[in-house]
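S.K.: any chance you could fold what I've pasted below:
(one chain, ligands or ions: 3)
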Amino acid sequence: MTTTTIPKLTDIYKTHPLDIPTNKLNLDSLQQLPDTYDWIQPDAFPSFRDPNISLSDSVPLIDLSLPNAPHLIGNALKTWGVFQVINHGVPISLLNSMESFTNTLFDLPSPHKLKAARTPDGVTGYGLPRISTFFPKRMWSEGFTIVGSPLEHFQKLWPNEYSKYCDITEEYSREMKSLCGRVIWLALGELGITREDVNWAEANGDFKTSNAVIQLNSYPVCPDPDRAMGLGAHTDTSLLTILYQNNTRGLQVLREGNRWVMVEPVTGALVVQVGDLLHILTNGLYPSSAHQAVVNQNRKRISIAYFFGPSESAEISPLNKLVTPTQPLLYPTVTWTEYLRKKAQLFNNTLSSIRLSAPLTGALDINDHNQVKV
Ligand SMILES: C=C1C[C@]23C[C@H]1CC[C@H]2[C@@]12CCC[C@@](C)(C(=O)O1)[C@H]2[C@@H]3C(=O)O
Ligand SMILES: O=C(O)CCC(=O)C(=O)O
Ligand SMILES: [Fe+2]
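M.R.: Numbers count the residues shown, from 1 in each chain. Ligands and ions are numbered 1, 2, ... in the order given. Modelled structure (predicted):
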């Protein structure tokens, strides 16, 4: 008998340890932009300080309490891969607590934050963005990643108050998971998909064994925001990402591969973003769109990303109903961990590297624009 062990999400970087020197992380003290932060935008993307940055286009804002919300979600995901949502049911007080907790964390003195530093082969903890290694220059941000329980790391940061912060994080995860479930079923419903079509989603479609990652991002004020980048262009690896941003602009999404559109902060709204796994699941119908975060001179910015994905054993492949003679099978079967490992090596080329056939002309496949020229 052979036993295969399914790799845990928490072990994804054991095979690709990543040592990013977190000890140089004290952006608050810099009066001038060091050359190491003078951003070079990859050729595959439009300039990050595009003077023509779209003013006419804006990311759809959807009121989840309206009867036509499902239809609007379907349209937004087909054309943008992203939308903002209000009346989502997540208590505003919880969003506020999470925001102030995130500020408390990043406001700690640098040496103190480093007590909870992410280890090179670990996922949870404080550090530079994981994607830093794919860019020649540094990004103007710091982050804190949470997979599973943050208890151990929070104890190091707040020996007396850790349980309060664990509770907030736990409640936030619960609310986000439930919102993800709701949005995913509405979005799939618009494509004619029912719960019975998705075998790994559990009997009643409640995603009981799903996984999630919380990423707290902090973008300190920057002396030269026109030359620096907060978080370089990427797509998320999740099924769905729900992002909370404070009242400071910064998030931009790539529209039709040729322009960046700012996701204007709306009080109480959440940004919903298609990840690569939903792109695969829908056979490319809902594209995962590239996005980046720029910084500014007067206000610090924080964002909180909740990456929702399936259990480690779930095998994700394009849904049968979405594979037709006119819509050939675009992707093979993958698990989240397999895909994450590939992404840790191929980054923005991962999706196109596993693609089985050329996308149909006219179909929006954002990853064509993500191709890093070699
Ligand atoms: C399960 C995840 C999801 C990860 C990787 C791993 C842990 C941290 C997540 C992020 C957070 C920052 C952006 C991103 C693009 C990154 O570099 O690390 C995300 C990424 C992904 O969506 O791939
Ligand atoms: O800060 C933002 O608005 C973007 C964050 C993001 O894209 C991420 O964490 O994956
Ligand atoms: Fe992202």
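S.K.: go ahead and flag the most central residue of this protein.
M.R.: When CA atoms, centre = their mean is applied to the chain, the residue found nearest the centroid is Asp236 (4.3 Å).
S.K.: ok, that residue - contacts?
M.R.: Applying CB atoms under 8 Å, 6 or more residues apart in numbering to Asp236 gives the contacts Gln273, Gly275, Asp276, Ser288, Ala305, Phe307. To be clear about C-beta, it is placed using only N, CA and C from the backbone, and glycine gets the same treatment.
S.K.: roughly how far does it sit from Asn96?
M.R.: Per CB to CB, to the nearest Å, Asp236 is found 24 Å from Asn96.
S.K.: what do you get for Leu105?
M.R.: Leu105 is 15 Å from Asn96, by CB to CB.
S.K.: and the two? Which one has more around it.
M.R.: Taking neighbours as other CB atoms under 10 Å, Leu105 and Asn96 compare with Leu105 leading, 21 against 12.
S.K.: confirm for me that the more buried one is in contact with Leu157.
M.R.: Yes. With contact defined as CB atoms under 8 Å, Leu105 reaches Leu157; the gap is 6.8 Å.
S.K.: what sits in contact with each of these two?
M.R.: Common contact partners of Leu105 and Leu157 (CB under 8 Å, 6+ apart): Lys113.
S.K.: quick one: end-to-end length of stretch 43-56, please.
M.R.: The first residue of stretch 43-56 is 25 Å away from its last residue (CA to CA, to the nearest Å).
S.K.: who's in contact with Ala201?
M.R.: Arg195, Phe207, Pro310.
S.K.: thought the last one was touching Leu277?
M.R.: What that stands for is Pro310. Yes. At 7.1 Å, Pro310 counts as touching Leu277 under the criterion of CB under 8 Å.
S.K.: which neighbours do those two share?
M.R.: Listed as contacting both Pro310 and Leu277 by CB under 8 Å, 6+ apart are Leu239, Ile316, Trp336.
S.K.: got phi/psi on the nearest residue to the last one once chain neighbours are set aside?
M.R.: If the residues on either side of it in the chain are set aside, Trp336 comes closest to Gly309, at 4.6 Å by CB to CB, 6 or more residues apart in numbering. For Gly309, the backbone dihedrals (degrees, to the nearest 10) come out as phi -150, psi 170.
S.K.: my guess is Gly309 meets Leu278, correct?
M.R.: No. Using CB under 8 Å, Gly309 makes no contact with Leu278, being 9.5 Å away.
S.K.: quick one: which of those two has more around it?
M.R.: More crowded of Gly309 and Leu278, by other CB under 10 Å: Gly309, with 29 against 26.
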